[in-house]
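Colleague: Take this sequence and fold it.
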Amino acid sequence: MAVASIRWQTVSGIAFPGALLGTVIAATVASPTYRWPAEPFSTIGQASDPAALLLNGGLVASGLLGVPFAWLLARGRHPVVGAGYAAIALGFAAAGVFRAPGAAHEVAAGIALFGVWLVPWLLAALDWRAGDRRAAGIGVGFGTLAVVGWLPYDLGPAWARPGYGGVELLVLLTLAGWSCWLARRVWRVPEANPRTGGAG
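Modeller: Numbers count the residues shown, from 1 in each chain. So this is what the prediction gives:
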């Protein structure tokens, strides 16, 4: 694979979470009725005002931006990581197509949100097997961060719950950090390994 092509596809690993965060923040600001952090972001997409179109359309566009990087990862030594990344990206896109409420939206959003901790853990396990302990530790850290936000929401007392929107924002920030870190690995040594770009 040409280095120039790898570089271009790597950029989508940064553009995808960046556009996703920008979409959510812009829709939150634009919505006249949304209450953050109590409500999930999908509440914005149910409204009839322009903020709903901004959120749903932005989710679709953002998710599609992640496909080139997923393809790059899939062509590396561990295609399952690329497939997992694609599931996250396309999950967000599908959540924009199938607006809340509805089973299709819940499934799409669930795949995207829970994939943010599953896929980093999966890559961490592969890095551990390959002997890259530092990269494995970083991956476990990102995956764990995406999980811990749900614990007080699901298990804690009412006063300790950050609100659904607050947890979702933490997950999106975790995705952004992990995806940018992974893209940097590829960017540093693109010809070494399309999956990780060599040692982290």
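Colleague: can we go C-alpha only for contacts and neighbour counts from here?
Modeller: Will do.
Colleague: Give me the pLDDT for the spatially most central residue of the chain.
Modeller: The structure's the chain has its C-alpha centroid closest to residue 175; by Cα atoms, centre = their mean the separation is 4.0 Å. Predicted confidence (pLDDT) for residue 175: 97.
Colleague: Run through the residues that contact it.
Modeller: Residue 175 sits next to 17, 116, 142 when contact means Cα atoms under 8 Å, 6 or more residues apart in numbering.
Colleague: in what helix or strand does it lie?
Modeller: Counting by DSSP states H and E, the element that carries residue 175 is helix 164-188.
Colleague: And that helix, what's buried?
Modeller: 164-187 (16 or more other Cα atoms under 10 Å).
Colleague: Which one of the contacts of residue 175 is nearest to residue 110?
Modeller: Closest approach between the contacts of residue 175 and residue 110, by Cα to Cα: residue 116, at 10.0 Å.
Colleague: neighbouring contacts of stretch 25-36?
Modeller: 41, 43-44, 49-52, 54-55, 163, 165-166.
Colleague: will you turn those into JSON lines that also has pLDDT and secondary structure?
Modeller: JSON lines is the format used below for these (pLDDT from 0 to 100; DSSP: H, G, I helix; E, B strand; the rest coil):
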{"residue": "41", "pLDDT": "94", "secondary structure": "coil"}
{"residue": "43", "pLDDT": "93", "secondary structure": "helix"}
{"residue": "44", "pLDDT": "95", "secondary structure": "helix"}
{"residue": "49", "pLDDT": "85", "secondary structure": "coil"}
{"residue": "50", "pLDDT": "93", "secondary structure": "helix"}
{"residue": "51", "pLDDT": "95", "secondary structure": "helix"}
{"residue": "52", "pLDDT": "95", "secondary structure": "helix"}
{"residue": "54", "pLDDT": "96", "secondary structure": "helix"}
{"residue": "55", "pLDDT": "96", "secondary structure": "helix"}
{"residue": "163", "pLDDT": "81", "secondary structure": "coil"}
{"residue": "165", "pLDDT": "91", "secondary structure": "helix"}
{"residue": "166", "pLDDT": "89", "secondary structure": "helix"}
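Colleague: thinking again about what came up before, for the contacts of residue 175, give me JSON lines that also has pLDDT.
Modeller: Conversion of those to JSON lines gives the following (pLDDT from 0 to 100):
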{"residue": "17", "pLDDT": "97"}
{"residue": "116", "pLDDT": "95"}
{"residue": "142", "pLDDT": "96"}
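Colleague: what residues does stretch 118-135 touch?
Modeller: 81, 84-85, 136-140, 142-143, 178, 199-200.
Colleague: for the residues you listed, which one is nearest residue 12?
Modeller: residue 85 (11.8 Å).
Colleague: Show the subsequent helix or strand relative to the helix or strand containing that closest one.
Modeller: Taking DSSP H and E as the definition, residue 85 sits inside helix 79-97. Of the helices and strands lying after helix 79-97 in sequence (DSSP H and E), the nearest is helix 103-129.
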